[in-house]
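Enquirer: A structural model of the following input is requested.
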Amino acid sequence: MKLIIQIPCFNEEGSITSVLTELPKSIQGIDVIEVLIIDDGSTDNTVQMAKELGVDYILPNIGNKGLGISFSRGMDFALKHGADILVNTDGDNQYPGKFIPDLIRPILDKEADIVVGDRRTMSINHFSPIKKFFQWLGTKVVILLSGEKQLRDAVSGFRAYSRQAMLELNITSKFSYVLDATIQASEKRIKITSIPISTNKPTRKSRLFRNMWQHIRLSGIGALRTFALYKPLKVFISLGTLILLIGAIPIVRFLYDYLFEGHGSGKIQSLIIGSVLLSIAFNLFALGIIGDLLGRNRKLIEDALKKLKENQKETKE
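Expert: Numbers count the residues shown, from 1 in each chain. Sure, this is the predicted structure:
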């Protein structure tokens, strides 16, 4: 059983030593542990320090590609190098390496294919009350959209993936992969569970976003985009139904005035507005049906990608 621990890094010379020295050297049930650094265009001494500390692989990006692309490249690399389990942790030392054995245990016990480290954000002292609230709200929204009731921390990047999960997932987000992976897992019936962890004190400000509001906006757009990709019928039928109900209000207003008051000319604006909204609603219904049909083709493409990934390891061996 082979475990690869991947660490996306962008200028992490101040924390990379702490991250690497805390990683477990042996885990019960694991025969081989290897460490992969994904260098996302670092301009400091991160890569040199990682080499001196004896990491097994360094996968460089040309320029700063972002977390989503870095994770996807790392996952493909892990598959090609025969990983049975992939653990993703951050280069800023947010997640203590001592929790990795607990993180992979549900996969070793065949209880789950994805395990998420629950930071228990409501108890993190350096999080402001507003940030705690939006972390809680964001997780509730993701649970509502995905149906993953075992999820406790939707944006935690401390995660473990079985080989089966790696074969099934195809990350499309450039900003952050975690919501993309969660919604895909729900659609593909990949079992997710969570384990409680604690976090280290922050060593720097997040580089994923400039402020909390940008994070909420980008995460929300990314989640809705992924949800619409994998569950288009549900998304567009829901939106269409909402607009249909809103559009029915001015239509009913016009009909009431026309049928019972004897004159409808004074409410012609209601008829126009209602007709436009009904037209939008029916277009959304059509988009949902088309998206659902296209989803059948996407499923065939993803099945082909899965077979390609499996064959890559067989060819290497």
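
Enquirer: what's the lowest-mean-pLDDT helix or strand in the chain packed up against?
Expert: Using mean pLDDT, DSSP states H and E, helix 212-230 stands out as the lowest-scoring helix or strand of the chain, at a mean of 76. Contact partners of helix 212-230 among helices and strands, from 3 or more C-beta pairs under 8 Å, 6 or more residues apart in numbering; DSSP states H and E: helix 129-146, helix 177-187, helix 232-260, helix 268-316. From N, CA and C alone the C-beta is placed, and that goes for glycine too.

Enquirer: quick one: which of those helices is nearest residue 22?
Expert: When those are compared by C-beta to C-beta, helix 177-187 sits nearest residue 22, at 21.6 Å.

Enquirer: what comes into contact with the closest one?
Expert: 67-68, 71-72, 113-114, 142, 145-148, 151, 154-157, 159, 165, 168-173, 190-192, 219, 222-223, 226-227, 230-231 (C-beta atoms under 8 Å, 6 or more residues apart in numbering).

Enquirer: tilt between it and helix 212-230?
Expert: 30 degrees (axes from the mean of the first three to the mean of the last three C-alpha atoms, to 10 degrees).

Enquirer: centre of the chain to the helix or strand following helix 177-187, how far?
Expert: Downstream of helix 177-187, the first helix or strand assigned by DSSP states H and E is strand 192-196. Chain-centre distance of strand 192-196: 15 Å, with C-alpha atoms, centre = their mean, to the nearest Å.

Enquirer: closest to residue 51 out of the helices and strands packed on helix 212-230?
Expert: helix 268-316 (23.8 Å).

Enquirer: could you say what helices and strands the closest one packs with?
Expert: Packed on helix 268-316, when contacts are counted by 3+ C-beta pairs under 8 Å, 6+ apart, are helix 67-80, helix 163-168, helix 212-230, helix 232-260.

Enquirer: what residues of the longest one count as buried?
Expert: It stands for helix 232-260. 232-233, 235-237, 239-240, 243-244, 247, 250-251, 253-255, 257-258 (16 or more other C-beta atoms under 10 Å).

Enquirer: shaky segments in the stretch 1-150 of the chain?
Expert: 126 (pLDDT under 70).

Enquirer: all helices for it, in order.
Expert: Taking DSSP state H, counting those that start in this stretch as the criterion, the stretch 1-150 of the chain contains helices spanning 16-21, 46-52, 67-80, 100-108, 129-146.

Enquirer: relative to residue 7, which of these is closest?
Expert: Among the helices of the stretch 1-150 of the chain, if distance is taken as C-beta to C-beta, the winner is helix 16-21, at 6.3 Å.

Enquirer: got the CA coordinates for that closest one in CSV?
Expert: The C-alpha coordinates for helix 16-21 follow below in CSV (Å, rounded to 0.1, in the frame of the first residue of the first chain):
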residue,chain,number,x,y,z
ILE,A,16,8.1,24.3,4.6
THR,A,17,10.7,22.9,7.1
SER,A,18,8.0,22.6,9.8
VAL,A,19,5.6,21.0,7.3
LEU,A,20,8.0,18.3,6.2
THR,A,21,9.5,17.5,9.5
